[in-house]
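Asker: No sequence on hand, only this structure:
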Ligand SMILES: [Zn+2]
């Protein structure tokens with residue numbers, strides 16, 4: 001049978017297409033082989049930074065975005081065609097987004113693998129390869145809330161300190177501010193002065209996760225929990241008469257500004273942050289139980305903060321401690337130290353019925369076409385306390401707001417639960433101002449923890465910063 005007359009032009013076109021597909025396919029094979037090889041070595045060597053840097057030869061580092069799509073970091077070309085990492089908001093996200101110029105920190109480190117991976121479609125990858133161009137890296141959406149971050153930063157202003165906001169029921173970190181900071185756009189040029197041993201400002205330190213502070217009266221949460229555990233039936237019967245200075249033998253414990261709180265029951269002593277009441281109460285606690293409760297709340301232990309550098313909080317009081325150490329430790333002074341993020345995690349566990357959700361910063365990874373490559377989901381760490389204990393602490397913390405030192409967040413617009421602290425750290429210096437709390441009190445959506453260094457009273461100084469964030473968040477309805 002005679003074949004149909006071939007159309008030479010159509011044939012040429014078909015052959016072009018076939019060759020084109022073959023070339024693309026071969027290109028992809030080479031390309032995939034390259035990646036698979038690198039990835040395999042990556043696993044074998046378990047030293048992903050140097051390996052991933054070779055990805056950078058093939059992939060343009062992807063964007064880092066806030067949850068609303070605001071671009072927080074992107075790679076641009078300068079006049080000479082060199083890649084430059086640009087941070088459009090300068091020092092607003094300095095610690096949390098980090099930098100990638102001098103090693104990598106923050107999200108730049110956490111998400112390094114994704115930022116240097118490319119999931120554009122295979123045809124585009126092959127075309128880029130053929131043209132000698134890089135593939136665009138994947139975009140990483142963070143959990144960060146751009147408005148809350150801005151509000152937290154401007155509320156803290158030029159003061160030294162830290163602010164963190166997170167969702168207690170998911171662990172999503174919405175805002176993370178540490179001051180003083182630096183401009184990640186110029187971190188390389190500024191490095192000498194930032195990292196100089198003479199520089200005592202600690203601009204490179206993320207105070208939220210790495211700053212260790214005496215917890216001050218925020219630690220009364222832990223002391224109260226231990227007391228509730230020892231006296232579950234009648235802890236509310238505790239009574240103390242405060243005349244501003246509690247004397248025990250040779251020791252004196254002063255309430256803030258030597259304020260005489262008068263007749264205090266357990267709830268009022270917590271609400272007013274009465275040092276005398278808590279120092280006195282501490283003398284009757286079982287010290288081994290106290291240490292165990294502190295450790296249940298993750299003192300002296302690793303925190304579930306995979307990928308973020310952090311300092312370990314410490315609680316060192318043991319059985320046999322002397323009276324002075326017990327008095328001091330029970331009200332949050334002494335040798336106890338905590339990071340702001342750890343204080344936020346304890347608060348979040350209380351807000352979430354005792355269960356701590358692991359704090360996290362990466363929400364999802366998308367390719368350049370907006371297709372989702374990976375989604376990060378909330379994960380429970382575990383129960384730090386029972387639901388009943390969490391409810392008991394919530395009741396105490398609500399009283400702090402309604403009738404005690406947390407009046408800065410007292411409003412008709414929403415209910416809140418909190419604890420303030422004014423932590424002494426050096427004789428003759430002003431106290432560090434602490435505030436940690438959540439709102440709404442009975443249906444918690446937002447946890448905020450604030451510390452302002454050498455700023456005075458927690459209620460007066462740190463409270464209003466938290467108020468700004470709660471107001472903004474709750475106004476969204
Ligand atoms: Zn008092």
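Answerer: Received it, and whenever you're ready, just let me know what you need. Every value quoted in this text rests on a predicted model; they were computed, and no experiment measured them. Numbering: from 1, shown residues only.

Asker: Tell me the residues of the stretch 101-250 of the chain that contact the ion?
Answerer: Neighbours of the ion within the stretch 101-250 of the chain, by Cβ under 5 Å from the ion: residue 242. Backbone N, C-alpha and C define where each C-beta goes, glycine included.

Asker: just the helices in the stretch 101-250 of the chain please.
Answerer: Applying DSSP state H, counting those that start in this stretch to the stretch 101-250 of the chain gives helices spanning 106-110, 112-115, 122-130, 146-156, 187-194, 207-210, 220-230.

Asker: Kindly reformat these as a markdown table containing mean pLDDT and mean neighbour count.
Answerer: As requested, these are exported to a markdown table (pLDDT from 0 to 100; neighbours: other Cβ atoms under 10 Å):
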| stretch | mean pLDDT | mean neighbour count |
| --- | --- | --- |
| helix 106-110 | 97 | 24 |
| helix 112-115 | 95 | 22 |
| helix 122-130 | 87 | 17 |
| helix 146-156 | 98 | 20 |
| helix 187-194 | 94 | 14 |
| helix 207-210 | 98 | 24 |
| helix 220-230 | 98 | 23 |
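
Asker: Of those helices, which is nearest residue 352?
Answerer: In terms of Cβ to Cβ, the element of the helices of the stretch 101-250 of the chain nearest to residue 352 is helix 220-230, at 14.6 Å.

Asker: Just name the shakiest helix or strand of this structure by mean pLDDT.
Answerer: helix 8-45 (a mean of 54; mean pLDDT, DSSP states H and E).

Asker: before we move on, back to that, switch the helices of the stretch 101-250 of the chain over to TSV; also include distance to residue 282.
Answerer: TSV is the format used below for those (distance: least, Cβ to Cβ, whole Å):
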stretch	distance to residue 282
helix 106-110	38
helix 112-115	46
helix 122-130	64
helix 146-156	32
helix 187-194	42
helix 207-210	28
helix 220-230	6
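
Asker: right, so of those helices, which gets closest to residue 165?
Answerer: Closest to residue 165 of these is helix 146-156 (Cβ to Cβ; 5.4 Å).

Asker: For the closest one, which helices and strands make contact with it?
Answerer: strand 161-166, strand 173-179, helix 463-474 (3 or more Cβ pairs under 8 Å, 6 or more residues apart in numbering; DSSP states H and E).

Asker: pLDDT below threshold where in this structure?
Answerer: Applying pLDDT under 70 to the chain picks out residues 1-54.

Asker: Swap in 80 and give it another go.
Answerer: Applying pLDDT under 80 to the chain picks out residues 1-56, 306, 477.

Asker: mind listing the strands for the stretch 351-477 of the chain?
Answerer: Assigned by DSSP state E, counting those that start in this stretch, the strands in the stretch 351-477 of the chain fall at 355-357, 362-366, 372-375, 380-383, 417-423, 432-439, 446-452.

Asker: Between those strands, which one is closest to the ion.
Answerer: Closest to the ion of the strands of the stretch 351-477 of the chain, according to Cβ to the ion: strand 417-423, at 12.8 Å.

Asker: Provide the partner residues of the residue in the stretch 51-200 of the chain that the ion sits nearest to in its beta bridges.
Answerer: Using Cβ to the ion, the closest approach of the stretch 51-200 of the chain to the ion is made by residue 161 at 25.9 Å. Counting by DSSP bridges, residue 161 is bridged to residue 179, residue 452.

Asker: out of everything not next to it in sequence, what's closest to residue 321?
Answerer: Spatial nearest neighbour of residue 321, chain neighbours left out: residue 287 (6.1 Å); criterion: Cβ to Cβ, 6 or more residues apart in numbering.

Asker: Quick check: that neighbour touching residue 317?
Answerer: Yes. If you go by Cβ atoms under 8 Å, residue 287 and residue 317 touch, sitting 6.4 Å apart.

Asker: Comparing those two, which shows the higher neighbour count?
Answerer: residue 317 (21 against 17; other Cβ atoms under 10 Å).

Asker: Quick check: the gap between the more buried one and residue 335.
Answerer: Between residue 317 and residue 335 the computed distance is 7 Å (Cβ to Cβ, to the nearest Å).

Asker: shared neighbours of the two, anything?
Answerer: The contact sets of residue 317 and residue 335 overlap at 325, 329 (Cβ atoms under 8 Å, 6 or more residues apart in numbering).

Asker: picking up where we left off before, would you confirm that the residue of the stretch 51-200 of the chain closest to the ion contacts residue 456?
Answerer: No. Applying Cβ under 8 Å as the test, residue 161 and residue 456 come out as separate, 12.0 Å apart.

Asker: got a list of what residue 203 touches?
Answerer: Listed by Cβ under 8 Å, 6+ apart, the contact set of residue 203 reads 180, 181, 182, 194.
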